Each structure stands twice: as structure tokens, then as C-alpha cells.
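# Based on what follows, work out the 3D shape:
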Amino acid sequence: MRIALYPGSFDPFTNGHLDILTRAARIFDHVIVGVLVHPTKKCLFTPEQRVEMISEVIKDLENVRAIHFNGLLVEFCRTIGACAVIRGLRAVSDYEYELQMFSVNKQLAPDLETVFLMSATQYSFLSSSIAKEVARYGGDVSALVPPVVQAELRKAFAPPQPGKPT
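Next up, the predicted model:
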């Protein structure tokens, strides 16, 4: 069985992430969305919230599941039996960082492959940061994130209600 890991912070999970994931799920027998717990990164949503949202989004993809992890990616890949890491590339700017990560991972785990999937054109500009920024200022994110994520962003950026604790 060919298992792949699609790692990221996914704060939040976007339609671009979903596009890459759906395409990877057609290539591999099983894909695990690995929500990275990054102690120094300030995230809007907890790892558990991100896994819950992603799990709702992917409920119809039978060979995909989401879990969170921390530590070295290559060690997590060994733990889950992954033979490959899935990475999306949006633009040339992504390439340099991804090349560095690929090189380090290859040195640490020579048998682990990295599969790069190019972003679909309509998502080449999209990032989690952009989706959060649009949502923060009340913009329409329906073309940027799945509906369940849109609802959670709306809640996260809702103005405080008078008389209710924040």
C-alpha cells in the first residue's frame, strides 16, 4: 500500500489545499493530511480545530484522513509508513523553500520521496494568510475556502457581542 503524507499547518485549510489533496488521493492508496503542531507559529485555530475542519471537508474522500503531529516530518512518515510527502507549488517563490526542505528530508530519509504538485491556476495566488486577511476584514472567502472553514473563519472574526465574554 502506498501511503503519502500531505503536511502543513493548514491554518486554515483552503480550496488550494483541497485541490492538491484531491489530486494526491488519486495517485496514492492512502493520504494522511498531517496538521503540523508548530510551537513557535501563532495559529488562529488549534490543531484539534484544524483536524476537525479538514475531516469534515474530506469526509467523502475514502482514502484520506487528517491527524495532527509534531516533531520531525521524516520520523512521522516512518511512524505512519509513508513512502512519499506531498507538497504543493504555487509559484517560483515556493520552489526555493521546498527545495531546501526536500534536500534536508532526503538526507535524513533517503528512501522517502517528495512529490510536488503544481497548484491549479485559480489557486496560484491563494494562501492561508490571504484567506485569514480577507476574512478578518469581513470579505467574502467563499471562493477561497470550503464552506465549513468559511463558517469557522466567520466565527473567529465575529465582532464581540456586548455583554458577552470574549
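# any idea where the helices of this protein begin and end?
For the chain, the helices defined by DSSP state H cover 15-27, 47-57, 73-80, 92-108, 128-136, 147-156.
# Next, the angle helix 73-80 makes with the helix or strand of the chain with the lowest mean pLDDT.
Lowest mean confidence among the helices and strands of the chain (mean pLDDT, DSSP states H and E): helix 92-108, at a mean of 88. Helix 92-108 runs at 60 degrees relative to helix 73-80, counting by axes from the mean of the first three to the mean of the last three Cα atoms, to 10 degrees.
# Just the buried residues of helix 92-108, please?
Buried positions in helix 92-108, judged by neighbour count with 16 or more other Cβ atoms under 10 Å: Asp94, Phe102, Asn105. Any C-beta I mention is one placed from the backbone N, CA and C, and that applies to glycine too.
# got the contact list for the closest residue to the last one other than its chain neighbours?
This points to Asn105. Using Cβ to Cβ, 6 or more residues apart in numbering and skipping the chain neighbours, the partner closest in space to Asn105 is Val74 (5.5 Å). For Val74, the contacting residues are Asn105, Leu108, Ala109, Leu112, by Cβ atoms under 8 Å, 6 or more residues apart in numbering.
# ok, Val74 to Phe28 distance?
Distance, Val74 to Phe28, using Cβ to Cβ, to the nearest Å: 18 Å.
# Mind putting the buried residues of helix 92-108 into TSV with distance to Ser142?
Formatted as TSV, the buried residues of helix 92-108 follow (distance: Cβ to Cβ, whole Å):
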residue	distance to Ser142
Asp94	25
Phe102	34
Asn105	35
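# Closest to Cys83 out of those?
Nearest to Cys83 among the buried residues of helix 92-108 is Asn105, at 12.6 Å by Cβ to Cβ.
# any low-confidence regions in this protein?
The chain contains residues with pLDDT under 70 at 161, 163-166.
# before we move on, the earlier item: could you say which one of the helices of the chain comes nearest to Tyr6?
helix 15-27 (5.6 Å).
# can you give me the angle the closest one makes with helix 128-136?
Angle, helix 15-27 to helix 128-136, by the same axes, to 10 degrees: 140 degrees.
# who touches helix 15-27?
Under the criterion Cβ under 8 Å, 6+ apart, residues 4, 6, 8, 10, 31, 33, 57-58, 61, 63-64, 86, 88, 90, 115, 117, 119-120, 123, 126-127, 143-146 lie in contact with helix 15-27.
# That's all I had, so thanks and see you.
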